[in-house]
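Participant: Kindly generate the corresponding structure for this input.
(2 chains)
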Amino acid sequence: MRRLLILGAGTAGTIAANKLRRMLDADEWDITIVDQRGAHYYQPAFLFIPFGRYRPDKARKKASSFIPEGVTRVQGVIDRVDAEARTVALEDGAELPYDYLIIATGTSPHPEETPGMEDDWHGAVHSFYTFDDAVALRRALAGFTGGRLVVHISEMPIKCPVAPLEFTLLADDFFRRRGLRDKVEITFVTPLSGAFTKPVAAAAFGDMLDSRGIAVEPDFMVESIDPEARTVVSFDEREVPYDLFVTVPVNKGAGFVGRSGLGDELDFVPVDHHTLRHAGHPEIFALGDAAAVPTSKAGAVAHFELDVFPENFVRIIAGEEPQERFDGHATCFIESGGGKAMLIDFNYDTEPLPGMFPVPTVGPLPLLKESRFNHWGKLAFEPIYWSMLLPGHPLPLPAQMSMRGKRVPAKEET
Amino acid sequence: MSTTTLAGREVHVDAEGFLTEYDEWDEELAQQLADQIGVEMTPEHWDVIRFLRADYAETGQTATTRRVNAVGGFPVKKQFALFPKKPGKKMSYIAGLPKPAGCV
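Facilitator: All right, here's what the predicted structure looks like:
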């Protein structure tokens, strides 16, 4: 028997287990998946939970329900990969041998990376990137009757890079609906040069924050949080005061990746951008947020990677060269408040452009534009996620980004 | 994408003047790019820029401030002292590499 070991039972690991179990001969291939959590979360819900728009318990299901028959599920915490011996050690002492390894252990927030950030955690300092954080923030927002709300990104890359912007727009909407908007100052603090950094999107949405009375503090590299003074301090000595601070902490890959010598400075796994294969260890691959590739860390990316990866894997185990190329394709809804959302579609080489999606010129979803259709599309996606995407059933979306249906604005428009 | 003349030759740049072709860069050009944004190059500046160039050749991505610290060995405070206010942007501009960007 040949052994494929998948580390992580999140979006990427679960889709991989489902697709590869169908493609690999059960008499020849043993597939094992290590589940570190037991629960599988619908993470897009974390954005809505703080605003009381989503029942928290609905976001959590048993991870084991989505692992197919014929795949062995091992629950445990991963300690280390020995890439020379081709074994993975768990913290409980178990040792799992492999012939091929898929690392799909994602990314997680690390508030302890920023001095002072943890000192008032779930006091005046919050986040919404874990289930517990989203639930705690719901309580904080419900009791917030006025003052300075600061939404903050610590450092790129982060999971779902549009989420902080969505959170800001939804907060504006939330306080408007409660008649409190004139009592709340909202500031968006980002290490990037602005809320939008790609030229066409910046031109389309440049005034979106301004028109809602949201201030932007760009190029802000956080050095520390002062929980006593309630200020966030940058390396160039700017200080932004807050009453409620909602941050996206530094995102890092899994600790075992670094301990095993397989990671970069943030414990993400450097792999070929198109085949997702490790350069030094050709039997190791990284999928989803765990991979150090220059596209968004997002479920859509994991999905598109897994439209391409399984075929390549089958070629590789047959001794052939991988042929399919992952192009960095990502598709993301951006909630903008007021029952509307925007939609963006892009890849490694092409920035988000206007047009229609998924059917060129027909849509029905307009790209790079606010629309009710996009909001409905975002809501409609949840049952598709559980019933189609995780089990690895085909969705009517192209794996590779398509230029059909997109308009490239003339120079003067940008 | 357009071209501009720098150090007496034509080079490809984006809308903000960042070089788009890795191989069109050399240190003479870097000196001019630094002059344009008011950075006076010292041996320490050159060490950072050379690290960024070598790292990009290896990884295909512009090193982040964190990576310049963790792998290059230049503390973030130092990066701010050498390239005030916007080290990420200024370092990549002088090194002729794509600037750090978000997704929209």
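
Participant: Run a quick neighbour tally on residue 25.
Facilitator: By default, I'm working from chain A. 7 (other Cβ atoms under 10 Å in any protein chain shown). Heads up, the C-betas are built off the backbone N, CA and C, glycines and all.

Participant: Let me rephrase: I mean chain B.
Facilitator: 19.

Participant: now swap in the one 4 residues further on and tell me
Facilitator: The number of residues packed near B:Leu29 is 18, by other Cβ under 10 Å.

Participant: Give me the spatial nearest neighbour of it, chain neighbours excluded.
Facilitator: Among residues not flanking B:Leu29 along the chain, B:Ala7 sits closest, at 4.9 Å (Cβ to Cβ, 6 or more residues apart in numbering or on different chains).

Participant: How about the contacts made by the one you found?
Facilitator: With contacts defined as Cβ atoms under 8 Å, 6 or more residues apart in numbering or on different chains, B:Ala7 is in contact with B:26, B:28-29, B:31-32.

Participant: Chain B: helices as residue ranges?
Facilitator: B:27-36, B:43-59, B:65-70, B:76-82, B:87-95 (DSSP state H).

Participant: Including mean pLDDT, could those helices go into a markdown table?
Facilitator: Below are these laid out as a markdown table (pLDDT from 0 to 100):
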| stretch | mean pLDDT |
| --- | --- |
| helix B:27-36 | 96 |
| helix B:43-59 | 96 |
| helix B:65-70 | 94 |
| helix B:76-82 | 96 |
| helix B:87-95 | 95 |
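
Participant: Please produce JSON lines containing these, extended by distance to A:Ser260.
Facilitator: Shown next, in JSON lines, are the helices of chain B (distance: least, Cβ to Cβ, whole Å):
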{"stretch": "helix B:27-36", "distance to A:Ser260": "37"}
{"stretch": "helix B:43-59", "distance to A:Ser260": "19"}
{"stretch": "helix B:65-70", "distance to A:Ser260": "17"}
{"stretch": "helix B:76-82", "distance to A:Ser260": "26"}
{"stretch": "helix B:87-95", "distance to A:Ser260": "29"}
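
Participant: out of those helices, deepest packed?
Facilitator: Mean neighbours per residue, mean count of other Cβ atoms under 10 Å in any protein chain shown, is largest over the helices of chain B for helix B:87-95, with a mean of 23.

Participant: what packs against that one?
Facilitator: Contacts defined by 3 or more Cβ pairs under 8 Å, 6 or more residues apart in numbering or on different chains; DSSP states H and E place helix B:87-95 against helix B:27-36, helix B:43-59, helix B:65-70, helix B:76-82.

Participant: can you put the ones you listed in TSV and add distance to A:Ala279?
Facilitator: As requested, the helices and strands packed on helix B:87-95 are exported to TSV (distance: least, Cβ to Cβ, whole Å):
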stretch	distance to A:Ala279
helix B:27-36	29
helix B:43-59	10
helix B:65-70	17
helix B:76-82	28
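
Participant: re the thing from before, hmm, which two among the contacts of B:Ala7 are most spread apart?
Facilitator: B:Asp26 and B:Gln32 (10.4 Å; Cβ to Cβ).

Participant: The stretch 101-250 of chain A: strands as residue ranges?
Facilitator: A:108-110, A:125-126, A:147-153, A:184-189, A:214-217, A:222-226, A:231-234, A:239-241, A:244-248, A:250-252 (DSSP state E, counting those that start in this stretch).

Participant: what do you get for the stretch 251-400 of chain A?
Facilitator: Going by DSSP E, counting those that start in this stretch, the stretch 251-400 of chain A shows strands at A:269-270, A:284-286, A:291-292, A:330-337, A:340-346, A:355-359, A:363-367.
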